[in-house]
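[1] Structure for the following, please:
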Amino acid sequence: MNKIWLIIQREYLTRVRKKSFLVTTILIPILVFGLMTSMIVLSLKSEQKQTIAVLDDSGFFKHKLDTTSKSFSFIYVEKKEQETNKQLIDRTNSDILLHIYPFKGLEADSILMFKEGGVSLLAKNFIGDELDAQYQIRLLESAGIDKVQIDSINSRSLQLKSYDLDNNKETNSEISSGIGYVMGFLIYIIIFIYGAGVMRGVMEEKTNRIAEVIISSVKPFQLMMGKIIGIGLVGLTQFGLWAILMLILNIALPFLIPGMSESVQTGMPITTDVQAAVQSIDDNDKLKLYNAVMNQNWGLILSCFLFYFLGGYFLYAAMFAAVGSLVNEDPQEAQQLTIPITMPIIFGFIIMATSVNDPHSNLSVFGSLFPLTSPIVMMARIPYGVPVWQLILSMGLLILGFILMTWLSAKIYRTGILLYGKKITWKEVLKWIRYS
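    Predicted structure coming up:
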């Protein structure tokens, strides 16, 4: 155990003290922060109000296209004799010309839009929505239907509440889906990034012939476990520093650029639609949302996240370490050998995406019990409430899977770490497992 601890210290300290570790740890949050800031700044600067000149030959839409949009405004114009559309836009200092031809009964003959360089999708959708709203009013009036009554009916809805049958507590499917997806996605990313880091660490020592020296003092199993735990601690340290730096930068963002508090809170550029959506949420709805978040069993969620994070990492890190010991100096060889490892991770992510919508389906239950997919899938199910026996069984199978996979990986690692100059096949690897 003392030798494993020495290897853990070596792996951790040598990587943490590298300039590349410090650069990536500090640079990545700054790059993300800079990208987010530049996107928001560009979004704020791009919100220039466009003027839409309405040439209404039908006479129906005149003085009816009034809007409170901060991005567009309508003006009503008349075309002079022999005047072109370009001349009309220049004379009225407009950005877009909307030409509405006379109606034929209740149908418009044609509605055309003109703009230098073409009309954007945002402008087209805005104009279409405004025209449709007024057109629908006309159709309702012609049918003798009061639009006010229709709007009153459409604004009404039935309020649905869901409760957990076991503890009679109110549940929120939207909150549960969001928490489950975020937790499962984090584990998915962590397994990929830091599992591959273990493989690269093993490959470096093998190609540099450092492993030969170390093996003379420790057992291959001790070297593999020390490397897995040490690199895992490096990953946790880097992940924690990223979280702290991103939190500090997000707090500082509104002070650096005025008017961006909404962007920080929502994680997206400020737009009129976003502001309207935020303002439409009254205090009562915010209180309900807060209560729904706080009603989650955070003790269980966070403890399970820690367990499945560690279990999933150790399980796949052992597999990545075994693959790293098989690779010589050809990077393509590493890509081919990692396919059997990465496929279960991808399948787990796919099952997780379906589990968010149906957490108690047969596929979701299977994915949350199978050790190679349970770290990702189970986290998507836990916010919905998982039977205790399934949770215990899943944890037990994950522990057994880790022990079995570590045993098999150690057999591969023991032989592969000292084998050079030969392309290794999976058939040969199976022979090592059988006879070692």
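[2] What are the buried residues along the longest strand seen in the chain?
    Longest strand in the chain, counting residues (DSSP state E): strand 50-56. Residues of strand 50-56 classed as buried: 50, 52-56 (neighbour count, 16 or more other Cβ atoms under 10 Å). Yep, even glycine has a C-beta here, placed from its N, CA and C like the rest.
[3] do stretch 12-32 as well
    12, 15, 21, 25, 29.
[4] Other residues contacting it?
    230-231, 233-234, 237-238, 241-242, 245-246, 249 (Cβ atoms under 8 Å, 6 or more residues apart in numbering).
[5] okay, it in PDB with CA atoms only?
    Taking only C-alpha atoms (Å, rounded to 0.1, in the frame of the first residue of the first chain), the coordinates of stretch 12-32 have been written out as PDB:
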ATOM      1  CA  TYR A  12      -0.200  13.900  -8.800                       C
ATOM      2  CA  LEU A  13       2.800  16.200  -8.100                       C
ATOM      3  CA  THR A  14       4.600  15.700 -11.400                       C
ATOM      4  CA  ARG A  15       1.400  16.700 -13.300                       C
ATOM      5  CA  VAL A  16       0.300  19.500 -11.100                       C
ATOM      6  CA  ARG A  17       3.700  21.100 -11.200                       C
ATOM      7  CA  LYS A  18       3.800  21.100 -15.000                       C
ATOM      8  CA  LYS A  19       3.400  24.400 -16.700                       C
ATOM      9  CA  SER A  20       0.900  22.800 -19.100                       C
ATOM     10  CA  PHE A  21      -1.400  22.000 -16.100                       C
ATOM     11  CA  LEU A  22      -1.200  25.600 -14.800                       C
ATOM     12  CA  VAL A  23      -1.800  27.000 -18.300                       C
ATOM     13  CA  THR A  24      -4.800  24.800 -19.200                       C
ATOM     14  CA  THR A  25      -6.300  25.300 -15.700                       C
ATOM     15  CA  ILE A  26      -6.200  29.000 -15.900                       C
ATOM     16  CA  LEU A  27      -6.500  29.500 -19.700                       C
ATOM     17  CA  ILE A  28      -9.600  27.300 -20.400                       C
ATOM     18  CA  PRO A  29     -11.900  29.200 -18.000                       C
ATOM     19  CA  ILE A  30     -10.600  32.500 -19.300                       C
ATOM     20  CA  LEU A  31     -11.200  31.400 -22.900                       C
ATOM     21  CA  VAL A  32     -14.700  30.300 -22.100                       C
END
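[6] show me the contacts for residue 119.
    Residue 119 is in contact with 96, 113, 127, counting by Cβ under 8 Å, 6+ apart.
[7] Let me see the backbone angles for the first one.
    Backbone torsions for residue 96, taken as degrees, to the nearest 10, come to phi -130, psi 140.
[8] next one: the second one
    Backbone torsions for residue 113, taken as degrees, to the nearest 10, come to phi -120, psi 140.
[9] Could you give me the ChimeraX syntax to select whichever of the contacts of stretch 12-32 are buried?
    Here is the ChimeraX command that selects the buried residues among those (16+ other Cβ under 10 Å):
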select :230,231,233,234,238,241,242,245,246,249
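[10] The contacts of stretch 12-32 in strands, which ones?
    Using DSSP E, none of these sit in strands.
[11] Looking at the contacts of stretch 12-32, which are in helices?
    Among those, DSSP state H puts 230-231, 233-234, 237-238, 241-242, 245-246, 249 in helices.
[12] Adding distance to residue 377, write these out as JSON lines.
    Formatted as JSON lines, those follow (distance: Cβ to Cβ, whole Å):
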{"residue": "230", "distance to residue 377": "28"}
{"residue": "231", "distance to residue 377": "25"}
{"residue": "233", "distance to residue 377": "26"}
{"residue": "234", "distance to residue 377": "27"}
{"residue": "237", "distance to residue 377": "27"}
{"residue": "238", "distance to residue 377": "26"}
{"residue": "241", "distance to residue 377": "29"}
{"residue": "242", "distance to residue 377": "25"}
{"residue": "245", "distance to residue 377": "30"}
{"residue": "246", "distance to residue 377": "27"}
{"residue": "249", "distance to residue 377": "32"}
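[13] Next, format these as CSV and append pLDDT and distance to residue 8.
    CSV is the format used below for the ones in helices among the contacts of stretch 12-32 (pLDDT from 0 to 100; distance: Cβ to Cβ, whole Å):
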residue, pLDDT, distance to residue 8
230, 86, 4
231, 81, 9
233, 85, 7
234, 84, 10
237, 85, 13
238, 80, 16
241, 84, 19
242, 80, 22
245, 81, 25
246, 76, 27
249, 74, 31
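[14] For those, work out which two are farthest apart.
    Pairwise distances across the ones in helices among the contacts of stretch 12-32 peak at 28.7 Å for 230 and 249 (criterion: Cβ to Cβ).
[15] what's stretch 403-418 in contact with?
    Against stretch 403-418 from outside (Cβ under 8 Å, 6+ apart): 202, 205-206, 211-212, 215, 220-221, 223-225, 314-315, 318-319, 321-322, 325-326, 424, 429, 432-433, 436.
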